[in-house]
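# here is the input, now give the coordinates:
(one chain, ligands or ions: 2)
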Amino acid sequence: MSCHASVCGGAFESIPIIDLEGAFSEDEALRRALAQQIRTACMDVGFFYVKNHGIAQQCLDEVLRVNKEYYSLPAEEKMKLYHKTVPNFKGYSPPMEANIQPGNKGDLHEGFRIGWEEKSVDPVVQKPSRDGVMAGANVWPDTPEDFRIACMDYYHAALAVGKKLFCLFALALDLPETYFNDKTVYSAATMRTLHYPPQPDAPDDKILGIGAHTDFVCFTILWQQMGLEALQVLNSREQWINVPPLPGTLVINLGDQFARWTNDIFKSTVHRAANKNMIDRYSIALFFGTDYEINIEPIYTCVTAERPAIYPAITAGEYVRQRLKAMYHK
Ligand SMILES: O=C(O)CCC(=O)C(=O)O
Ligand SMILES: [Fe+2]
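Numbering: from 1, shown residues only. Ligands and ions are numbered 1, 2, ... in the order given. Predicted coordinates:
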C-alpha cells in the first residue's frame, strides 16, 4: 500500500458504511483490511459512516434528552454562558450569530461547545486541562442538572472511538499504527451539541442550518438524531449527496487539518445542513484534532518529488484559533 497513488474519485453518489468491529480485533490483517477501506473512503469521499462503534444506546439517549431540555430554556438563560464572555470559544452560541458560508446571512443553529475535561468532578482526580493555545475551562449550565454528566459520558465515549480511528488512519497512511498516539495525548477535541430549529419552507436560501463549509481539524465524529434528514455533502460534480441518519451509525468526516497533514491525499469535503423537517433537530459534532503544540506539516509518506508539500507548517493550536476567530469575527 502506498500513499503516492494519485488522488482519485470524488464523484461519489453515496457515503460508504464501514464496520468498525475489526478495529478491536487482535488480528493485524483484519485491522489492515479495515484501514484499506478507510483509506479508499478518505481519498474518494472524505465522509463515511461507522457501525459497531461501541457507544451504548443509553449514552446517546441521555445526551439527546439533556440537550433537548437545555435548548428549550429561555434565551436569557442560555446567554448567561454566551461564548464571547467565556475564554476560548466554550459555552453557548445563539442562532444566526455565526456565518460559516461567506455570502450567506447566518447559520440558523444554536450550539454549546465543550472541551476536554475528566469525567470526575472530584478535585483530587481532576487533572488540569492541557489544551495549550485553546486553554480554558469548560462552563456548564445549572439546568438541566445532569447536562454535564450526560455530555461528558458521550464526549469520553466518542473520544475512545476517535482514538481507535487515529490508529486506523495511521495504517491507512502507511504509518506505524501508533503514529498519532503521542500527538493526541491531551485530546484536543472540542464538542458542539447543536440544535436546528425547523425551517420547513425556508423563505431564504441564504439561511441554512449550517452553511456549506469544511471542518477545521483532523476529523469530526457526528451523531445525528434518527429520522430527520438534514446533512448533505458536495461531490466533485457539484451535486449535493444526502447523508441521512442510519440506525446504529455515526458519521465520520475529515477536516482541513488532515488534508494539510496528508498533503491533500485525504479529502476534506464540503458539507451543509438544513432542517427542512417540521420539528427540531439535534446533532452532536466532536471535532478531533491533535495536541495543540503539534506541528502540522505534510507527513513523510504523503510527499514525493512529484507531489511536493502543498501547505506550510503551522501548529495545530494556532491553526484552530485562526479558523475560529474568522468564523466568529472574534
Ligand atoms: O449537524 C450536522 O449535521 C452537521 C454539523 C457540522 O457540519 C458541523 O458542526 O461542522
Ligand atoms: Fe461540519
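# got the contact list for the spatially most central residue of the chain?
Geometric centre of the chain, nearest residue: Thr220, 2.1 Å, by C-alpha atoms, centre = their mean. By C-beta atoms under 8 Å, 6 or more residues apart in numbering, Thr220 lies in contact with 251-253, 255, 285-288. Quick note: C-beta positions are derived from backbone N, CA and C, even for glycine.
# so what's the residue of the chain most remote from its centre up against?
Using C-alpha atoms, centre = their mean, the residue of the chain lying farthest from its centre is Ala305. It sits 32.2 Å away. Residues near Ala305 by C-beta under 8 Å, 6+ apart: none.
# SS state for it?
Assigned with DSSP: H, G, I helix; E, B strand; the rest coil, Ala305 falls in the coil class.
# quick check: it vs Glu297, distance?
Plainly put, Ala305 is 17 Å away from Glu297 if you go by C-beta to C-beta, to the nearest Å.
# for Ala56, same thing?
Where Glu297 is concerned, Ala56 sits at a distance of 38 Å (C-beta to C-beta).
# how near is Phe216 to Thr190?
10 Å.
# neighbour count winner among these two?
Remark: of Phe216 and Thr190, Thr190 carries more neighbours, 25 against 22, as counted by other C-beta atoms under 10 Å.
# so what's that one up against?
Counting by C-beta under 8 Å, 6+ apart, Thr190 has contacts 89-90, 113-116, 134, 286-287.
# buried members of those into ChimeraX, please.
Selection of buried members from the contacts of Thr190 for ChimeraX, criterion 16 or more other C-beta atoms under 10 Å:
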select :89,90,113,114,115,116,134,286,287
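# so among the contacts of Thr190, where is pLDDT lowest?
Within the contacts of Thr190, pLDDT reaches its minimum at Met134, with 51.
# for the lengthiest helix in the chain, buried residues please.
Ranked by residue count under DSSP state H, the longest helix found in the chain is helix 147-172. Of the residues in helix 147-172, 147-148, 150-155, 157-159, 161-162, 164-172 count as buried by neighbour count, 16+ other C-beta under 10 Å.
# so where's the stretch 151-300 of the chain shaky on pLDDT?
For the stretch 151-300 of the chain, the stretches flagged by pLDDT under 70 are 187, 203.
# tell me the residues of it that contact ligand 1?
With C-beta under 6 Å from any ligand atom as the criterion, the stretch 151-300 of the chain comes near ligand 1 at residues 192, 194, 210, 215, 222, 224, 230-231, 271, 273, 283, 285.
# of those, just say which sits nearest to Gly103.
Nearest to Gly103 among these, counting by C-beta to C-beta, is Ile210 at 14.3 Å.
# show me what the closest one is bridged to.
Ala273 (DSSP bridges).
# all helices for the stretch 201-330 of the chain, in order.
Taking DSSP state H, counting those that start in this stretch as the test, the helices found in the stretch 201-330 of the chain are 256-261, 316-328.
# just those helices: most buried one?
Highest mean neighbour count of the helices of the stretch 201-330 of the chain: helix 256-261, a mean of 24 (counted as mean count of other C-beta atoms under 10 Å).
# quick one, which of the helices of the stretch 201-330 of the chain gets closest to Pro141.
helix 316-328 (20.0 Å).
# now do the closest one, average pLDDT.
For helix 316-328, the mean per-residue pLDDT is 81.
# thinking again about what came up before, can you tell me which of the contacts of Thr190 are in strands?
Judged by DSSP state E, strands contain the following of those: 113-114, 286-287.
# closest to Arg31 out of these?
Ranked by distance to Arg31 (C-beta to C-beta), the ones in strands among the contacts of Thr190 are led by Leu286 at 22.4 Å.
# quick one: the helices in the stretch 51-200 of the chain?
According to DSSP H, counting those that start in this stretch, the helices that the stretch 51-200 of the chain contains are 57-71, 75-79, 147-172.
# now do the last one: distance to the chain's middle.
Read that as helix 147-172. For helix 147-172, the separation from the chain centroid amounts to 10 Å (computed by C-alpha atoms, centre = their mean, to the nearest Å).
# tell me what angle it forms with helix 57-71.
For helix 147-172 against helix 57-71, the angle by axes from the mean of the first three to the mean of the last three C-alpha atoms, to 10 degrees is 130 degrees.
# which helices and strands sit right next to helix 147-172?
In terms of contacts (3 or more C-beta pairs under 8 Å, 6 or more residues apart in numbering; DSSP states H and E), helix 147-172 is packed against helix 28-44, helix 57-71, strand 110-114, strand 189-196, strand 219-224, strand 249-254, strand 281-288.
# now do it against strand 249-254, angle only.
Using the same axes, to 10 degrees: helix 147-172 against strand 249-254 is 60 degrees.
# likewise the first one?
Between the axes of helix 57-71 and strand 249-254, defined by the same axes, to 10 degrees, the angle is 70 degrees.
# quick one: mean pLDDT for helix 57-71?
Helix 57-71 shows a mean pLDDT of 98.
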